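Participant: Give me a model of this one.
(chains A and B)
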Amino acid sequence: MSDNLGLAQLSDHLLIVAVVIYSLAMLAYAGDFAYGRRVKAASAAGKAARPVPELAGVRAGSGAGTPETPETPATAETPATRETPETPAVVPPAATDSGADGRERLGPLIRAAIGLTFLGMAVHLTGVITRGIAVHRVPWGDMYEFVTALTCVTVIFFVALMMRYRAWHLGVFVMGAVVVALGLAQTVIYTPAGPLVPALRSYWLAIHVAAMTLSVGIFFVAAVLGVVYLFAERYARRVAAGRSPADHGIMRRLPGAEELDRLTYRTVVFGFPIWTFGIIAGAIWADQAWGRYWGWDPVETWAFITWVVYACFLHARATAGWRGKRAAYIQLVGFSCLLFNVLVVQTFVTGLHSYAGLG
Amino acid sequence: MTDVHTPEAGIGTAPAGIPGEVPGQVPGQLAAETETPPVRPQPGTFGVMAWARWGWRQLTSMRIALVLLFLLALGSVPGSLLPQQGIDPAAVQQYYTAHPALAPFLNALGLFNVFAAPWFAAIYLLLFTSLAGCVLPRTFRLARMARALPPQAPRNLSRLPNSVRYETAMAPEEASAAAAVFLARRRFRLNRGRGWLSAEKGYRREVGNLLFHIALMGVLVSVGVGGLFGYKADRLLVEGSSFADTVTDLDAYHPGHLVSPTDLAPFSLTLDKFSASYIASGPDLNQPASFDAHLSYTAQPGGAARTYDLQVNHPLNVDSTKVYLIGHGYAPVFRVTDGRGKVVYDQATPFLPAEQSTYLSEGVVKAPDAKPQQLGFAGVFLPTAVNVNGQLESAFPAPYEPAVSMIPYSGNLGLNSGVPQSVYQLNTTGMRRIAAPAQVLTVGQSMKLPNGAGTLTFTGYKQWASLQVTYDPGQGPALISAIVALVGLVLSFLVRRRRIFVRAYRGEHGRTVVDVGGLARSDVGGGFEAEFAELAADLTSVHHGTDTGAVGPAGSAAVGEAGPEAAPPGGPESTQPGPDTVTTPDGSDHDSSPRSEETE
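Facilitator: This next block holds a predicted model:
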């Protein structure tokens, strides 16, 4: 097996460039928080009164796909109005604000940040793909490749989520987390391109680890959303108690707590079946490679623990007294289990997933 | 109470904001079973049955199920961080040596065998009992629900999270009938009354949810079946040798509780040749690249011999019994002649790898037939022997420069003492090391023992493979259960349970007013707004006689113009002033109205 060293180096360089671009994007997102244009006072007040600040109207608008009518953004909001544009008189002012927020009010900094996010994503994806070509296999055979691939999923999923819900301002948190993860991958756990040990030579590598990569990348987004939710929830409580101004700089730009909670939940709901599938695929592979489909290997055990904790989160959201903050904490515990599995158990605890050799 | 095992159990939950507005709501049918803890019986006033019922209700409540789930996760943690008897018994022994005070205490708690410990079993059995107690009633309820009709439409549809109002030239009855035809064609379940129409869809959500939970129980049962009827054994096989799948011929035989020796598949198997290759350069130097165990086997005595190239990830399947390649090593061949000049030992001797990266292996030779005294040798095999500063080391796992270095002993091997001995260790208590200079032997070389005690010749080497024989009848059912669980999970997340209500009535100007309302009972993935918008638009087209989705005569469809003059019967709440009555799909203009999607 001859690895293409030139391509492997290109991949390394691309991934470093991606980190740099993501860092710039993060700075631009942060700069928008700090220096971005202030929203007009009237609409800010209008928004503060609404439970779901900026996503509410826009989401329906983006769903209907009518970006060409910025002057009557609310026409997209109900099917009947969409068909009768001659009745703009009924459009409430609040809807105009929220409708415009998503598309029209993006400052230059946030637009630069979005551009950088897309650019970084393209470079990142190219880096992951060239690594795969260089080693003639799927690019998630070792820990370094796993982290680079899963962060790529995170960014793609974030972009998809934000394109749908227009909550670009969350970018600073997602980009920050991705920069840290990718930076660690390149410094602490970097592994040069190489072939796989025989235990990993199976098409189940493509299936099992791909599912794990996907779901970890998605859970990553959910965890970031969960943290932001906790801040937004605290802020909402402070506003309700009159201890915080209703148009606080950062919070004003973020989706409301309720919307964040919903987004988090949907993200977990998206990732959970993929994680489940990953575990099943892993079990099938384990049966072929190790002679049993489940053997409480440390990594298996932690995958199980993670699954159970995310199941707890899904159930907690259905239980009175556990919704909201408690559920969010459970979700974060789930992600901590996941991180612990990836960073500690797979690296330091001896088990079959250590790939030290044949048995 | 028991409705709550489902994520967003709200299937049956009526939107909290409009309890009085839904006259037709049938509580028992889509029951909004809230999480009020059951009343605890007072001692003395209730009998045993009341306590049992209370206990059962507690157990099957979501709260307890959550606690049990947490305990399950928590209980698994020590199983991954402490050495486990079932996975690595040697590591448990090491732990005992390292922590002599703590280990017996941990052992008493079952922490060295967590996944077989009674307390762990108690957690998951309670959890699954709780699950069964929740899932079974829900299955019956679903069966009942599948035959029942959707509830009557609420009076005031504009209070629903999604609603539209428009006028049509059709008569109210005609409009209602047209809507019924339209919704029936979209496979909604319908219920009609005077001037109203209720339609519901998405029962597959609950079906998926139930499937998921029932399939989880299936996984548990399958694992149990595998444990009872399956078996697992190991066998180390040197090139050229054979074994039959019988209890006596297997090394570490672990049968399930209900396995008898005659149940073993009657195959026999020979290891013809083993080959391995390794990476010879680069950062992954010494890493294995491939393993191949070339086997020939017969499925039944007297059957035709077949060959198989056994590799990692490619087990051999003989009538559902699987043979796996799980390890390999070297077996140097030694010939021992004793003091009389008689050959007392001539065979391949499996050595165990002591260093994974170089395959430096350790082993012993025992020659009990040697005279005048028994002979024993302990030493190492080096696949690629190199001399590093006078120290003998192996540089590479492949046999490029095979060599052995053996220390001779003479005396009593202790084989007849009745104490079982490992074939990989020499019991030197009754033996004396023969003073001889340490000597490295390459293939063909011999070492002469002093005082004419005999010679040891390193005549060559073979390789061995260790095989695992596994039979697990629970495997197939477990896989099927897992797949069903996944399908159920996806179904319960993708499908949304939703209701569409239509009310058609004569407005104040004599024209027919149509109110369409929509309610997603569970909308995990989101998107009900869009679906409702599309449905409402199509329905509008139906009522305007333009099925193409185009708009009818200008002004015939008006949204939000309802105002006070066109109040629906019995709906004073809808008469909000002015433009605010625009009903946005997500209901965000109605601060008091419920957001029904995901009625978690």
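
Participant: Only C-alpha atoms from now on, for both contacts and neighbour counts.
Facilitator: Will do.

Participant: where do the helices sit along chain B?
Facilitator: Per DSSP state H, chain B has helices spanning B:48-59, B:62-81, B:89-98, B:102-108, B:118-147, B:172-185, B:204-229, B:475-494, B:528-543. These are given in chain order.

Participant: Where does pLDDT dip in the stretch 251-400 of chain B?
Facilitator: Applying pLDDT under 70 to the stretch 251-400 of chain B flags no residue at all.

Participant: Which residue does it have closest to chain A?
Facilitator: Among the residues of the stretch 251-400 of chain B, B:Asn313 lies closest to chain A, at 4.2 Å counting by CA to the nearest CA.

Participant: quick one: that residue and A:Ala199 touch, right?
Facilitator: Yes - counting by CA atoms under 8 Å, B:Asn313 does reach A:Ala199; the two are 6.6 Å apart.

Participant: for the stretch 201-350 of chain A, what spans make up the helices?
Facilitator: A:203-204, A:210-240, A:249-253, A:257-290, A:298-316, A:325-339, A:346-348 (DSSP state H, counting those that start in this stretch).

Participant: and the ones you listed, which one is worst for confidence?
Facilitator: Least confident of the helices of the stretch 201-350 of chain A, judged by mean pLDDT, is helix A:249-253 with a mean of 70.

Participant: which parts of the stretch 51-200 of chain B sit against chain A?
Facilitator: Residues of the stretch 51-200 of chain B lying close to chain A (CA under 8 Å from any CA of the partner chain) are B:62-63, B:66, B:69-70, B:72-74, B:76-77, B:79-81, B:87, B:115, B:164.

Participant: Just give me the least confident of those residues.
Facilitator: Out of those, that is B:Ile87, at 77.

Participant: What is the neighbour count of it?
Facilitator: 15 (other CA atoms under 10 Å in any protein chain shown).

Participant: In contact with B:Thr384, which residues?
Facilitator: B:Glu393, B:Ser394, B:Ala395, B:Phe396, B:Pro397, B:Ala398, B:Pro399, B:Tyr400, B:Glu401, B:Pro402, B:Ala403 (CA atoms under 8 Å, 6 or more residues apart in numbering or on different chains).

Participant: The fourth one: what's its closest spatial neighbour, skipping adjacent residues?
Facilitator: Nearest residue to B:Phe396 in three dimensions, chain neighbours excluded: B:Thr358, at 4.8 Å (CA to CA, 6 or more residues apart in numbering or on different chains).

Participant: Please parse the chain into its domains.
Facilitator: By default, I'm working from chain A. What automatic domain parsing lists as the domains of chain A is A:41-78+A:92-103, A:197-359.

Participant: Chain B is the one I meant
Facilitator: B:2-147, B:157-202+B:496-581, B:204-227+B:475-493, B:228-324+B:469-474, B:328-459.

Participant: re earlier: skip the chain neighbours and tell me the closest residue to the residue of the stretch 251-400 of chain B closest to chain A.
Facilitator: Using CA to CA, 6+ apart, the nearest residue to B:Asn313 is A:Ala289, at 4.2 Å.

Participant: Would you mind confirming that that neighbour is in contact with B:Leu310?
Facilitator: No - under the criterion of CA under 8 Å, A:Ala289 makes no contact with B:Leu310, lying 11.2 Å away.

Participant: What does the pLDDT read for B:His509?
Facilitator: 80.

Participant: what about B:Leu102, neighbour count?
Facilitator: 11.

Participant: do the same with the one 10 residues further on
Facilitator: Applying other CA under 10 Å, we find 27 residues neighbouring B:Phe112.

Participant: So which of the helices of chain B is nearest B:Leu449?
Facilitator: helix B:89-98 (35.6 Å; CA to CA).

Participant: roughly how far out does that closest one sit from the chain middle?
Facilitator: 29 Å (CA atoms, centre = their mean, to the nearest Å).

Participant: what is in contact with B:Asn313 and A:Ala199 at once?
Facilitator: A:Ala289.

Participant: When these two are compared, which one has more neighbours?
Facilitator: A:Ala199 (27 against 23).

Participant: Pull the contacting residues for the spatially most central residue of chain A.
Facilitator: By CA atoms, centre = their mean, chain A has its centre lying nearest to A:Val221, at 2.3 Å. Neighbouring residues of A:Val221 by CA under 8 Å, 6+ apart: A:Thr154, A:Phe157, A:Phe158, A:Val174, A:Thr267.

Participant: now A:Ala283
Facilitator: A:Arg292, A:Tyr293, A:Trp294.

Participant: and B:Thr349, how far is that from A:His136?
Facilitator: According to CA to CA, to the nearest Å, B:Thr349 and A:His136 sit 40 Å apart.

Participant: Could you check which of the two has the larger neighbour count?
Facilitator: B:Thr349 (22 against 15).

Participant: If we ignore the residues flanking it in sequence, what's nearest that one?
Facilitator: B:Ala331 (4.7 Å).

Participant: Equivalent analysis for A:Val216, please.
Facilitator: A:Leu150 (6.4 Å).

Participant: That neighbour reaches A:Thr213, doesn't it?
Facilitator: Yes - between A:Leu150 and A:Thr213 there is a contact under CA under 8 Å: 4.8 Å.

Participant: Can you select the buried ones among the contacts of A:Val221 for me in ChimeraX?
Facilitator: Here is the ChimeraX command that selects the buried residues among the contacts of A:Val221 (16 or more other CA atoms under 10 Å in any protein chain shown):
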select /A:154,157,158,174,267
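
Participant: For the helix or strand A:Thr126 falls within, name the packing helices and strands.
Facilitator: Assigned by DSSP states H and E, A:Thr126 falls within helix A:108-135. Counting contacts by 3 or more CA pairs under 8 Å, 6 or more residues apart in numbering or on different chains; DSSP states H and E, helix A:108-135 packs against helix A:5-35, helix A:143-165.

Participant: change it to 6 Å
Facilitator: helix A:5-35 (3 or more CA pairs under 6 Å, 6 or more residues apart in numbering or on different chains; DSSP states H and E).

Participant: helices or strands next to the helix it packs on in the packing?
Facilitator: helix A:108-135, helix A:171-187.

Participant: out of those helices, which comes closest to B:Pro473?
Facilitator: helix A:108-135 (38.2 Å).

Participant: If you average the pLDDT over that closest one, what comes out?
Facilitator: Here the average pLDDT along helix A:108-135 is 90.

Participant: Same question for stretch B:464-479.
Facilitator: 91.

Participant: And for it, what's in contact with it?
Facilitator: Contacts with stretch B:464-479, where a contact means CA atoms under 6 Å, 6 or more residues apart in numbering or on different chains, come from B:219, B:222-223, B:225-226, B:230-239, B:321-330.

Participant: Show me which of these are buried.
Facilitator: B:219, B:222-223, B:225-226, B:230-239, B:321-330.

Participant: which of these come close to chain A?
Facilitator: B:Ile326, B:Gly327 (CA under 6 Å from any CA of the partner chain).

Participant: I'd like the list of the buried ones among the contacts of stretch B:464-479 that fall within strands, please.
Facilitator: B:231-238, B:321-330 (DSSP state E).

Participant: and A:Val345, what is it in contact with?
Facilitator: A:Val345 neighbours (CA under 6 Å, 6+ apart): none.

Participant: I meant to write B:Val419 there.
Facilitator: Applying CA under 6 Å, 6+ apart, no residues qualify as near B:Val419.

Participant: pLDDT weak spots in the stretch 501-600 of chain B?
Facilitator: For the stretch 501-600 of chain B, the ranges with pLDDT under 70 are B:523-526, B:546-600.

Participant: before we move on, back to that, the residue nearest to B:Thr349: how many residues sit nearby?
Facilitator: 25.

Participant: That concludes my questions; thank you for your assistance.
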